[in-house]
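Enquirer: how would this look folded up:
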Amino acid sequence: MTSKLRSNAAIFKTIAVWQIKASVCNCEKDMAATPEAEGPPEEVLKPIGCAHYKRKSKFVTPCCNKVYTCRFCHDEKEDHTVNRKEVTELICTLCETRQPVQAECQNCGIRFGKYTCLECNLFDDEDKNQYHCSGCGICRIGGSDRFFHCETCNMCLPIQLQNGHKCVENVSRANCPVCLEDIHTSRIPCHIPACGHLLHRTCFEQLLRAGHYACPICQTSVMDMTELWKFLDNEVAHTPMPLEYRNYMAAILCKDCHKESTVKYHVVGLKCKECGSYNTCRIKGSPRLITNALTSRSFLHSWLEFIGGPRAIPDNQ
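Expert: Here you go, the predicted structure:
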(Lines give C-alpha, C1' and ligand atoms only; values in the text may rest on other atoms or scores of the structure.)
Protein backbone atom coordinates (compact mmCIF):
# COMPACT_ATOMS: atom_id res chain seq x y z
CA MET A 1 0.00 0.00 0.00
CA THR A 2 2.84 2.37 0.92
CA SER A 3 4.64 1.75 -2.38
CA LYS A 4 1.41 2.37 -4.27
CA LEU A 5 0.89 5.70 -2.53
CA ARG A 6 4.47 6.69 -3.32
CA SER A 7 3.90 5.80 -6.97
CA ASN A 8 0.71 7.87 -7.13
CA ALA A 9 2.47 10.78 -5.45
CA ALA A 10 5.22 10.65 -8.08
CA ILE A 11 2.63 10.70 -10.84
CA PHE A 12 0.82 13.68 -9.29
CA LYS A 13 4.14 15.48 -8.90
CA THR A 14 4.97 14.92 -12.57
CA ILE A 15 1.53 16.17 -13.66
CA ALA A 16 1.97 19.25 -11.49
CA VAL A 17 5.34 20.00 -13.14
CA TRP A 18 3.75 19.67 -16.60
CA GLN A 19 0.95 22.03 -15.60
CA ILE A 20 3.45 24.58 -14.31
CA LYS A 21 5.45 24.39 -17.54
CA ALA A 22 2.28 24.68 -19.59
CA SER A 23 1.13 27.68 -17.59
CA VAL A 24 4.53 29.33 -18.10
CA CYS A 25 4.35 28.72 -21.85
CA ASN A 26 0.82 30.12 -22.01
CA CYS A 27 1.87 33.17 -20.03
CA GLU A 28 4.77 33.80 -22.39
CA LYS A 29 2.43 33.34 -25.34
CA ASP A 30 -0.11 35.75 -23.84
CA MET A 31 2.63 38.32 -23.25
CA ALA A 32 3.83 38.01 -26.82
CA ALA A 33 0.27 38.49 -28.06
CA THR A 34 -0.18 41.91 -26.46
CA PRO A 35 -0.69 44.74 -28.97
CA GLU A 36 2.55 46.43 -27.90
CA ALA A 37 4.62 43.35 -28.74
CA GLU A 38 2.71 42.14 -31.80
CA GLY A 39 1.63 45.20 -33.76
CA PRO A 40 4.07 46.51 -36.40
CA PRO A 41 4.58 50.24 -36.85
CA GLU A 42 1.58 52.09 -38.22
CA GLU A 43 3.22 52.94 -41.53
CA VAL A 44 3.99 49.27 -42.28
CA LEU A 45 0.32 48.35 -41.88
CA LYS A 46 -0.56 50.84 -44.59
CA PRO A 47 -0.75 49.03 -47.95
CA ILE A 48 2.08 49.94 -50.30
CA GLY A 49 2.34 49.50 -54.02
CA CYS A 50 0.07 47.54 -56.31
CA ALA A 51 -0.10 44.16 -58.01
CA HIS A 52 2.80 45.16 -60.27
CA TYR A 53 5.23 46.94 -57.94
CA LYS A 54 5.83 47.32 -54.21
CA ARG A 55 6.57 51.01 -53.69
CA LYS A 56 5.76 53.89 -51.35
CA SER A 57 4.69 56.38 -53.98
CA LYS A 58 2.04 57.12 -56.58
CA PHE A 59 2.60 59.27 -59.63
CA VAL A 60 0.52 61.95 -61.28
CA THR A 61 0.01 61.13 -64.95
CA PRO A 62 1.02 63.96 -67.30
CA CYS A 63 -1.50 62.81 -69.91
CA CYS A 64 -4.74 62.87 -67.88
CA ASN A 65 -3.64 64.35 -64.53
CA LYS A 66 -4.79 61.30 -62.57
CA VAL A 67 -3.06 59.45 -59.73
CA TYR A 68 -1.92 55.85 -60.25
CA THR A 69 0.57 53.61 -58.50
CA CYS A 70 2.28 52.54 -61.73
CA ARG A 71 1.97 52.82 -65.49
CA PHE A 72 0.40 49.37 -65.78
CA CYS A 73 -2.41 50.34 -63.42
CA HIS A 74 -2.99 53.41 -65.61
CA ASP A 75 -2.91 51.54 -68.92
CA GLU A 76 -5.33 48.87 -67.66
CA LYS A 77 -8.02 51.45 -66.85
CA GLU A 78 -7.50 54.17 -69.44
CA ASP A 79 -7.89 54.11 -73.22
CA HIS A 80 -4.36 55.41 -73.72
CA THR A 81 -0.87 54.71 -72.42
CA VAL A 82 1.40 56.84 -70.28
CA ASN A 83 5.06 57.57 -70.92
CA ARG A 84 6.70 57.00 -67.55
CA LYS A 85 9.67 59.18 -68.48
CA GLU A 86 7.37 62.18 -68.83
CA VAL A 87 6.14 61.91 -65.22
CA THR A 88 7.24 64.93 -63.18
CA GLU A 89 5.16 64.64 -59.98
CA LEU A 90 4.52 61.91 -57.43
CA ILE A 91 2.70 61.51 -54.11
CA CYS A 92 4.12 59.84 -51.00
CA THR A 93 1.77 57.05 -49.87
CA LEU A 94 2.71 57.55 -46.20
CA CYS A 95 2.25 61.29 -45.76
CA GLU A 96 0.33 62.09 -48.97
CA THR A 97 2.75 64.88 -49.89
CA ARG A 98 2.71 65.87 -53.56
CA GLN A 99 6.20 66.67 -54.81
CA PRO A 100 8.59 66.50 -57.78
CA VAL A 101 9.98 63.09 -58.73
CA GLN A 102 12.84 62.19 -56.39
CA ALA A 103 14.25 59.19 -54.52
CA GLU A 104 13.08 60.20 -51.01
CA CYS A 105 10.04 62.05 -49.68
CA GLN A 106 10.80 65.70 -49.02
CA ASN A 107 8.40 65.68 -46.05
CA CYS A 108 8.81 62.40 -44.11
CA GLY A 109 12.14 61.28 -45.60
CA ILE A 110 10.94 57.77 -46.53
CA ARG A 111 12.66 56.16 -49.52
CA PHE A 112 10.11 55.35 -52.20
CA GLY A 113 11.83 52.14 -53.27
CA LYS A 114 14.94 50.12 -52.47
CA TYR A 115 15.67 50.23 -56.20
CA THR A 116 15.33 53.69 -57.70
CA CYS A 117 15.90 54.81 -61.29
CA LEU A 118 15.16 58.49 -61.81
CA GLU A 119 15.70 58.13 -65.56
CA CYS A 120 12.80 55.67 -65.86
CA ASN A 121 10.94 57.04 -62.81
CA LEU A 122 10.95 53.49 -61.44
CA PHE A 123 10.69 52.65 -57.74
CA ASP A 124 10.61 49.06 -56.45
CA ASP A 125 10.91 47.71 -52.91
CA GLU A 126 11.53 44.13 -54.11
CA ASP A 127 15.02 42.92 -54.97
CA LYS A 128 14.93 41.59 -58.54
CA ASN A 129 18.56 42.34 -59.47
CA GLN A 130 17.34 45.36 -61.40
CA TYR A 131 19.69 47.38 -63.59
CA HIS A 132 19.29 50.18 -66.10
CA CYS A 133 20.37 49.48 -69.68
CA SER A 134 21.20 52.65 -71.58
CA GLY A 135 21.01 50.75 -74.89
CA CYS A 136 17.47 49.52 -74.24
CA GLY A 137 16.56 52.82 -72.59
CA ILE A 138 14.71 51.03 -69.77
CA CYS A 139 15.38 49.06 -66.59
CA ARG A 140 15.79 45.30 -66.80
CA ILE A 141 15.72 42.57 -64.14
CA GLY A 142 18.03 39.60 -63.67
CA GLY A 143 21.40 41.27 -63.12
CA SER A 144 23.69 43.10 -65.54
CA ASP A 145 26.29 40.32 -65.15
CA ARG A 146 23.91 37.78 -66.69
CA PHE A 147 22.91 39.77 -69.78
CA PHE A 148 24.55 41.71 -72.61
CA HIS A 149 23.14 44.33 -74.97
CA CYS A 150 23.20 43.35 -78.66
CA GLU A 151 23.50 46.49 -80.78
CA THR A 152 21.92 44.84 -83.84
CA CYS A 153 18.96 43.27 -82.05
CA ASN A 154 18.85 46.43 -79.89
CA MET A 155 17.96 44.52 -76.73
CA CYS A 156 19.47 42.69 -73.77
CA LEU A 157 20.01 38.96 -74.27
CA PRO A 158 21.28 36.19 -71.94
CA ILE A 159 25.06 36.05 -71.80
CA GLN A 160 24.93 32.44 -73.08
CA LEU A 161 23.71 33.75 -76.46
CA GLN A 162 26.49 36.29 -76.91
CA ASN A 163 28.33 34.23 -79.53
CA GLY A 164 25.52 31.98 -80.71
CA HIS A 165 22.34 33.87 -81.57
CA LYS A 166 20.88 35.03 -84.87
CA CYS A 167 20.70 38.80 -85.04
CA VAL A 168 17.50 40.40 -86.30
CA GLU A 169 17.66 44.18 -86.50
CA ASN A 170 15.54 45.93 -83.85
CA VAL A 171 13.70 42.66 -83.20
CA SER A 172 12.35 43.65 -79.79
CA ARG A 173 10.71 46.79 -81.18
CA ALA A 174 8.21 44.61 -83.06
CA ASN A 175 5.08 43.36 -81.32
CA CYS A 176 4.56 39.72 -80.36
CA PRO A 177 3.26 37.91 -83.48
CA VAL A 178 0.74 35.94 -81.38
CA CYS A 179 -0.94 38.51 -79.11
CA LEU A 180 0.23 41.60 -81.04
CA GLU A 181 1.27 43.26 -77.76
CA ASP A 182 4.53 45.07 -77.01
CA ILE A 183 7.62 42.98 -76.25
CA HIS A 184 10.33 45.55 -75.54
CA THR A 185 8.78 47.03 -72.40
CA SER A 186 6.64 44.04 -71.42
CA ARG A 187 7.04 42.46 -67.97
CA ILE A 188 6.32 39.05 -69.54
CA PRO A 189 9.54 37.13 -70.35
CA CYS A 190 10.16 36.52 -74.04
CA HIS A 191 11.14 33.33 -75.84
CA ILE A 192 14.01 33.46 -78.34
CA PRO A 193 13.77 30.68 -80.97
CA ALA A 194 16.63 29.81 -83.32
CA CYS A 195 15.23 32.04 -86.08
CA GLY A 196 15.68 35.11 -83.86
CA HIS A 197 12.08 36.34 -83.89
CA LEU A 198 10.74 37.08 -80.41
CA LEU A 199 7.44 36.14 -78.83
CA HIS A 200 6.16 36.17 -75.27
CA ARG A 201 6.95 33.00 -73.35
CA THR A 202 3.28 32.59 -72.45
CA CYS A 203 2.34 32.93 -76.12
CA PHE A 204 5.02 30.39 -77.06
CA GLU A 205 3.58 27.91 -74.57
CA GLN A 206 0.08 28.49 -75.98
CA LEU A 207 1.38 27.70 -79.47
CA LEU A 208 2.86 24.41 -78.29
CA ARG A 209 -0.34 23.42 -76.49
CA ALA A 210 -2.28 24.13 -79.68
CA GLY A 211 0.06 21.95 -81.75
CA HIS A 212 1.89 24.76 -83.58
CA TYR A 213 5.67 24.26 -83.63
CA ALA A 214 6.69 26.87 -86.20
CA CYS A 215 7.50 30.56 -85.87
CA PRO A 216 4.42 32.63 -86.77
CA ILE A 217 6.63 34.99 -88.78
CA CYS A 218 9.03 32.81 -90.80
CA GLN A 219 7.56 29.31 -90.21
CA THR A 220 10.90 27.92 -89.00
CA SER A 221 10.68 25.28 -86.27
CA VAL A 222 10.79 26.95 -82.85
CA MET A 223 12.23 23.93 -81.01
CA ASP A 224 14.24 20.75 -81.55
CA MET A 225 11.95 18.52 -83.61
CA THR A 226 14.31 15.53 -83.97
CA GLU A 227 12.09 13.12 -82.02
CA LEU A 228 9.00 14.13 -84.00
CA TRP A 229 10.83 13.63 -87.30
CA LYS A 230 11.83 10.11 -86.14
CA PHE A 231 8.20 9.41 -85.29
CA LEU A 232 7.09 10.56 -88.76
CA ASP A 233 9.82 8.41 -90.36
CA ASN A 234 8.29 5.42 -88.63
CA GLU A 235 4.78 6.44 -89.70
CA VAL A 236 5.87 6.75 -93.34
CA ALA A 237 7.58 3.34 -93.21
CA HIS A 238 4.41 1.70 -91.86
CA THR A 239 1.95 3.54 -94.11
CA PRO A 240 2.39 2.31 -97.69
CA MET A 241 0.85 4.46 -100.38
CA PRO A 242 -1.68 2.93 -102.81
CA LEU A 243 -0.07 1.53 -105.95
CA GLU A 244 -1.41 4.29 -108.19
CA TYR A 245 0.34 6.95 -106.06
CA ARG A 246 3.67 5.29 -105.29
CA ASN A 247 5.48 6.89 -108.23
CA TYR A 248 4.28 10.43 -107.68
CA MET A 249 7.00 12.99 -106.98
CA ALA A 250 6.60 16.39 -105.37
CA ALA A 251 8.80 19.48 -105.46
CA ILE A 252 9.10 20.88 -101.92
CA LEU A 253 10.62 23.80 -100.06
CA CYS A 254 12.00 23.20 -96.57
CA LYS A 255 11.05 25.93 -94.11
CA ASP A 256 13.95 25.02 -91.81
CA CYS A 257 16.96 24.94 -94.18
CA HIS A 258 15.22 26.91 -96.99
CA LYS A 259 16.35 24.48 -99.71
CA GLU A 260 14.32 22.91 -102.50
CA SER A 261 14.22 19.22 -103.33
CA THR A 262 12.10 16.65 -105.15
CA VAL A 263 10.82 13.75 -103.05
CA LYS A 264 8.31 10.93 -103.27
CA TYR A 265 4.83 12.10 -102.42
CA HIS A 266 3.37 10.74 -99.18
CA VAL A 267 0.23 11.66 -97.29
CA VAL A 268 1.98 11.54 -93.89
CA GLY A 269 4.55 14.16 -94.81
CA LEU A 270 7.19 15.29 -97.26
CA LYS A 271 10.70 14.92 -95.86
CA CYS A 272 13.44 17.35 -96.86
CA LYS A 273 16.38 15.62 -98.53
CA GLU A 274 18.84 18.16 -97.15
CA CYS A 275 18.12 18.31 -93.41
CA GLY A 276 15.49 15.60 -92.81
CA SER A 277 12.81 18.02 -91.65
CA TYR A 278 9.11 17.48 -92.29
CA ASN A 279 8.48 21.21 -91.94
CA THR A 280 8.05 21.54 -95.70
CA CYS A 281 5.55 22.74 -98.28
CA ARG A 282 4.87 21.79 -101.89
CA ILE A 283 5.93 24.15 -104.66
CA LYS A 284 5.62 24.20 -108.47
CA GLY A 285 2.14 22.78 -108.68
CA SER A 286 0.68 19.35 -107.95
CA PRO A 287 2.71 16.14 -107.54
CA ARG A 288 3.70 14.69 -110.91
CA LEU A 289 3.76 11.04 -111.94
CA ILE A 290 7.06 9.36 -112.78
CA THR A 291 6.05 6.47 -115.04
CA ASN A 292 9.43 5.06 -116.09
CA ALA A 293 13.13 5.79 -116.25
CA LEU A 294 12.86 7.75 -119.51
CA THR A 295 11.02 10.57 -117.74
CA SER A 296 13.34 10.86 -114.76
CA ARG A 297 15.64 13.89 -114.56
CA SER A 298 18.72 11.77 -113.80
CA PHE A 299 18.18 9.78 -117.02
CA LEU A 300 17.71 12.96 -119.05
CA HIS A 301 20.93 14.42 -117.64
CA SER A 302 22.87 11.28 -118.60
CA TRP A 303 21.33 11.20 -122.08
CA LEU A 304 22.09 14.88 -122.79
CA GLU A 305 25.69 14.45 -121.67
CA PHE A 306 26.01 11.44 -124.02
CA ILE A 307 24.62 13.19 -127.08
CA GLY A 308 26.31 16.55 -126.75
CA GLY A 309 27.29 17.70 -123.31
CA PRO A 310 25.33 18.86 -120.25
CA ARG A 311 22.39 21.15 -120.77
CA ALA A 312 19.96 22.82 -118.44
CA ILE A 313 16.64 21.02 -118.08
CA PRO A 314 13.73 23.40 -117.58
CA ASP A 315 11.53 22.75 -114.56
CA ASN A 316 7.88 21.94 -115.02
CA GLN A 317 5.69 25.00 -114.80
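
Enquirer: show me the helices in this structure, by range?
Expert: Using DSSP state H, the helices of the chain run over 2-32, 35-38, 42-45, 71-77, 201-209, 226-237, 297-308.

Enquirer: I'd like to know how many residues surround residue 190.
Expert: By other C-beta atoms under 10 Å, the residues close to residue 190 number 19. Just so you know, the C-beta spots here come from the backbone N, C-alpha and C atoms, and that holds for glycine as well.

Enquirer: please tell me how far the nearest residue to it once chain neighbours are set aside sits from residue 161.
Expert: The spatial neighbour of residue 190 that comes closest, neighbours along the chain excluded (C-beta to C-beta, 6 or more residues apart in numbering), is residue 198 at 4.8 Å. Using C-beta to C-beta, to the nearest Å, residue 198 is found at 12 Å from residue 161.

Enquirer: now for these two: what residues contact both?
Expert: Taking C-beta atoms under 8 Å, 6 or more residues apart in numbering as the contact rule, residue 198 and residue 161 both touch residue 192.

Enquirer: more neighbours, these two?
Expert: Neighbour comparison, residue 198 and residue 161: the larger count goes to residue 198, with 26 against 14 (by other C-beta under 10 Å).

Enquirer: in contact with that one, which residues?
Expert: The neighbours of residue 198, taking C-beta under 8 Å, 6+ apart as the test, are 171-172, 174, 176, 183, 190-192.

Enquirer: switch to 7 Å and redo it
Expert: Contacts were defined as C-beta atoms under 7 Å, 6 or more residues apart in numbering; by that measure residue 198 touches 171-172, 183, 190, 192.

Enquirer: got it, and residue 103?
Expert: With C-beta under 7 Å, 6+ apart as the criterion, the residues that contact residue 103 are 111-112, 116, 118.

Enquirer: can you pull the pLDDT of it?
Expert: Here, the pLDDT recorded for residue 103 equals 94.

Enquirer: for it, give me phi and psi.
Expert: Taking degrees, to the nearest 10, you get phi -80, psi -30 for the backbone angles of residue 103.

Enquirer: just to revisit the earlier point, from residue 186, how far off is the residue nearest to residue 190?
Expert: When C-beta to C-beta is the yardstick, residue 198 and residue 186 sit 10 Å from each other.

Enquirer: then residue 82?
Expert: Computed with C-beta to C-beta, the distance linking residue 82 and residue 186 is 15 Å.

Enquirer: which one's more surrounded, the two?
Expert: Set side by side, residue 82 and residue 186 show more neighbours around residue 82, with 21 against 14, by other C-beta under 10 Å.

Enquirer: where does the stretch 51-200 of the chain dip in pLDDT?
Expert: Along the stretch 51-200 of the chain, segments meeting pLDDT under 70 are nowhere present.

Enquirer: and the strands in it, which stretches?
Expert: Across the stretch 51-200 of the chain, reading from the start of the chain, the strands by DSSP state E, counting those that start in this stretch fall at 57-60, 67-68, 89-92, 98-100, 115-117, 122-124, 131-133, 138-140, 147-150, 155-158, 190-191, 199-200.

Enquirer: is it possible to get TSV of those that adds distance to residue 232?
Expert: Written out in TSV, the entries for these read as follows (distance: least, C-beta to C-beta, whole Å):
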stretch	distance to residue 232
strand 57-60	55
strand 67-68	52
strand 89-92	58
strand 98-100	64
strand 115-117	50
strand 122-124	48
strand 131-133	43
strand 138-140	40
strand 147-150	35
strand 155-158	32
strand 190-191	24
strand 199-200	25
